[in-house]
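Student: Return a 3D structure for these sequence lines:
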Amino acid sequence: MGYNIRGSDAGATHYVTIDESDFRGDMDAKAFRTVGDTNAVGVNESGGFVYASVTVDDDTGVGYGEIDTGYLDDSSVDVNLYPADMTLSEIVEDYGGYEDQQSLDVTEGELSIESPGKQYVSGAEVDIAGNATAGLDDVAVYARDEGDWELVELGNDNTISVDSDGSWERENVVLSDASDIFSIPGQYRLGVIDARDAENSTGDLKKSMTTSEFSSGTSTQKAITVTDGSLFASFTSVINGQVSTDDGTVDVEGTATGQDNVLVAFVDKRGAVATERVSVDDDSTFEQDDIVLEDKDGNDLSEGSIEAVVLSLGRDDVAGDGELPGQDNNDVNALESYVSGLTDDSLTQAQVLDRIKSETVDDTASDDLIVEDSFRYSDGSLSIETVVPEEYSSEMGVYDIEVGETMVVKGRTNAQPDDNTITVEVTDGPSADSLDLADTDSWGQNGTWSVKIPVSSDVEPGTYTIEADDGDNTDIIQFEIVGEGERGAIGQPETTTKEPTTTTKEPTTTTKEPTTKSTTKSTTTEPTTTDSDGQPGFGVALALVAVLGAALLALRTRIEK
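Tutor: Numbering: from 1, shown residues only. Next up, the predicted model:
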């Protein structure tokens, strides 16, 4: 707070004093600020007071000074003004000989902690921030487990300045690095204190403070729970469980609390590995598009099953137990070097995965985290599966479309929507040229796409061919356009009519052997042949022809460019 000396001669110098009994701790000359017209400040041990020397300005006729109340006791404090001709020695001898005295009511300052919240993830960056009442210039941060308060090391300057609006803040602090207390999961206390109340006799911040010392100063504290980091990841460009070789890249996104980087790795069926180191933002999220499926030598991964992993180092920020074969370091950079080098070891896919896990999540006392997934790396595919009227868009299959309706064409693909467009066109039919072309570049991870094509009332009924094309792959299918009201029911179960079965009995030939008696006359009965009705042997052939005639199949052609 400021004060003015008035009614004195210009150029006159006065002493202003505060008694040692009015200090909350030891006397400190910083109770008087060297601003304005203040020439000097100091402590007079023999007199038991702190003083400021103030000269009245020649132009204004006022002597201006300021008092830092943060050093004063929470009480009514007397501020004494002495005559211009009075020396410090005379003040010591006659302390009560002041010319004027004003009382200053000092109340305890208040502090609050707004950030971090009640939860902290070990290894995460946070802002330490809060508010302070007027009179507080700097604050210091301390941490406590079950014993004394310990200083939180914030770098070259362990104090945080209070702005003119009373707010204070230090950004991007890794609490678990600044204090070992916050490096292990558990419940602890985070405290903030007026920096002056935390200073030792030399003016430095105390490395530790007892609970009573901390509480006696202007301070505040809050409970904070430290937890281990977490890892979530998803491969957003995997479509229908596949990645197309036409795309050849993968997108990944997720969250990794308490980490600056994660390692993404893809292992093909022959043990080759593609890796990418992805940075984590301040809000613990990460995202990386177009990770190329190539090993460290630029060779494409093999088609087939791909195992995908995302690795996050634990709160100790080292891989596994801290030792990686063939690596000088144990951070995420060294881990990437180790994992990518497994391509040269002629290992199977399973063996590569075992090696990765054995040096990270499965290693002794490891707190590393892993997310695993898999997909097929395969040729591009595109198919048309459904042609239905818009009002029956939930149905599956190919149905007749009446003139005047809008048809919905749906299919499947393994292409990535961000980089591909599917164009659908009616290429053949009586009025094919009058039907609009449609396209889409939006579909979900299940790979199901759809477009709508209006069929005007002047379109001629008949058989039409429709084609889907994504630039690399095509598919065609035929459907019927019929007149208004000529389509049968949609969504009803198909009725199956069992064809009658024709059985033809083959003719039976019976031959009776002649009977011979001991007489010279013999009697022989000729064999009798009896055929069933109709021509002999025709029934089976006729049935076979009937079955083949009923097995007509709709032509469906798939073309791959």
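Student: What residues does the closest residue to residue 137 other than its chain neighbours make contact with?
Tutor: The spatial neighbour of residue 137 that comes closest, neighbours along the chain excluded (CB to CB, 6 or more residues apart in numbering), is residue 162 at 5.8 Å. Bear in mind the C-beta positions are built from the backbone N, C-alpha and C, glycine included. If a contact means CB atoms under 8 Å, 6 or more residues apart in numbering, then residue 162 has 132, 136-139, 168 as its contacts.
Student: Return the closest of these with respect to residue 232.
Tutor: Within those, distances to residue 232 taken as CB to CB reach their minimum at residue 168, with 33.6 Å.
Student: pretty sure that closest one is in contact with residue 131, am I right?
Tutor: Yes: applying CB atoms under 8 Å as the test, residue 168 and residue 131 come out as touching, 7.3 Å apart.
Student: If you count surrounding residues, which of these two has more?
Tutor: residue 168 (25 against 18; other CB atoms under 10 Å).
Student: Contact partners for residue 143?
Tutor: With CB under 8 Å, 6+ apart as the criterion, the residues that contact residue 143 are 149-150, 152, 175, 179, 181-182, 188-191.
Student: So which of those belong to strands?
Tutor: Secondary structure from DSSP state E places 149-150, 188-191 of those in strands.
Student: Name the member of the contacts of residue 162 with the most neighbours.
Tutor: Taking other CB under 10 Å to define a neighbour, the member of those with the most is residue 139, carrying 27 neighbours.
Student: Adjacent strands (with direction) for the helix or strand hosting that one?
Tutor: In this structure, residue 139 sits in strand 138-144 according to DSSP states H and E. According to DSSP bridges, the neighbouring strands of strand 138-144, each with its direction, are strand 149-151 (antiparallel), strand 159-161 (antiparallel), strand 186-194 (antiparallel).
Student: between those strands, which one is nearest to residue 114?
Tutor: strand 186-194 (10.4 Å).
Student: OK, contacts around the closest residue to residue 422 other than its chain neighbours?
Tutor: In this structure, residue 422 finds its nearest non-sequential neighbour in residue 470, 4.9 Å apart by CB to CB, 6+ apart. Contacts for residue 470 were tallied using CB under 8 Å, 6+ apart; they are 380, 382, 413, 415, 420-423.
Student: switch to 6 Å and redo it
Tutor: Contacts for residue 470 (CB atoms under 6 Å, 6 or more residues apart in numbering) come out as 382, 415, 420, 422.
Student: distance of the third one from residue 453?
Tutor: Counting by CB to CB, to the nearest Å, the gap between residue 420 and residue 453 amounts to 20 Å.
Student: swap in residue 125?
Tutor: Where residue 453 is concerned, residue 125 sits at a distance of 52 Å (CB to CB).
Student: One more: residue 52?
Tutor: Summarising the geometry, the distance separating residue 52 from residue 453, computed by CB to CB, is 89 Å.
Student: Between these two, tell me which one has more neighbours.
Tutor: Between residue 52 and residue 453, counting by other CB under 10 Å, residue 52 is the more crowded of the two (26 against 20).
Student: mind listing what the helix or strand hosting that one pairs with, with the direction of each?
Tutor: Assessed by DSSP H and E, residue 52 sits inside strand 49-55. Each strand paired with strand 49-55, and its direction, by DSSP bridges: strand 13-19 (antiparallel), strand 38-44 (antiparallel).
Student: With distance to residue 490 added, can I get those strands in a markdown table?
Tutor: Shown next, in a markdown table, are those (distance: least, CB to CB, whole Å):
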| stretch | distance to residue 490 |
| --- | --- |
| strand 13-19 | 95 |
| strand 38-44 | 93 |
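Student: picking up where we left off before, with only the CA atoms kept, save the strand holding residue 139 in PDB.
Tutor: Presented in PDB, the C-alpha positions along strand 138-144 are these (Å, rounded to 0.1, in the frame of the first residue of the first chain):
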ATOM      1  CA  ASP A 138       5.100 -14.100  -5.200                       C
ATOM      2  CA  VAL A 139       4.100 -17.600  -4.200                       C
ATOM      3  CA  ALA A 140       5.900 -20.900  -3.800                       C
ATOM      4  CA  VAL A 141       4.600 -24.400  -4.400                       C
ATOM      5  CA  TYR A 142       5.100 -27.300  -2.000                       C
ATOM      6  CA  ALA A 143       4.100 -30.900  -1.800                       C
ATOM      7  CA  ARG A 144       3.500 -33.200   1.100                       C
END
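Student: quick one: average pLDDT of it?
Tutor: The pLDDT scores in strand 138-144 average 97.
Student: Same check on stretch 393-411?
Tutor: The model assigns stretch 393-411 a mean pLDDT of 96.
Student: Just the residues contacting it, thanks.
Tutor: Residues from elsewhere that reach stretch 393-411 (CB under 6 Å, 6+ apart): 383-390, 424, 449-455, 457, 459, 468, 479-482, 484, 487, 490-491.
Student: my guess is residue 17 contacts residue 79, does it?
Tutor: No: taking contact to mean CB atoms under 6 Å, the distance of 7.7 Å between residue 17 and residue 79 leaves them out of contact.
Student: Tell me where the stretch 251-400 of the chain has strands.
Tutor: If you assign secondary structure with DSSP state E, counting those that start in this stretch, the strands in the stretch 251-400 of the chain sit at 261-267, 273-279, 285-292, 304-312, 369-378, 382-389.
Student: Sheet partners, orientation included, of the longest one?
Tutor: Listed by DSSP bridges, the sheet partners of strand 369-378 and their directions read strand 242-244 (parallel), strand 304-312 (antiparallel).
Student: which of those strands is buried the deepest?
Tutor: For those, average neighbour numbers computed from mean count of other CB atoms under 10 Å are highest in strand 242-244, which has a mean of 25.
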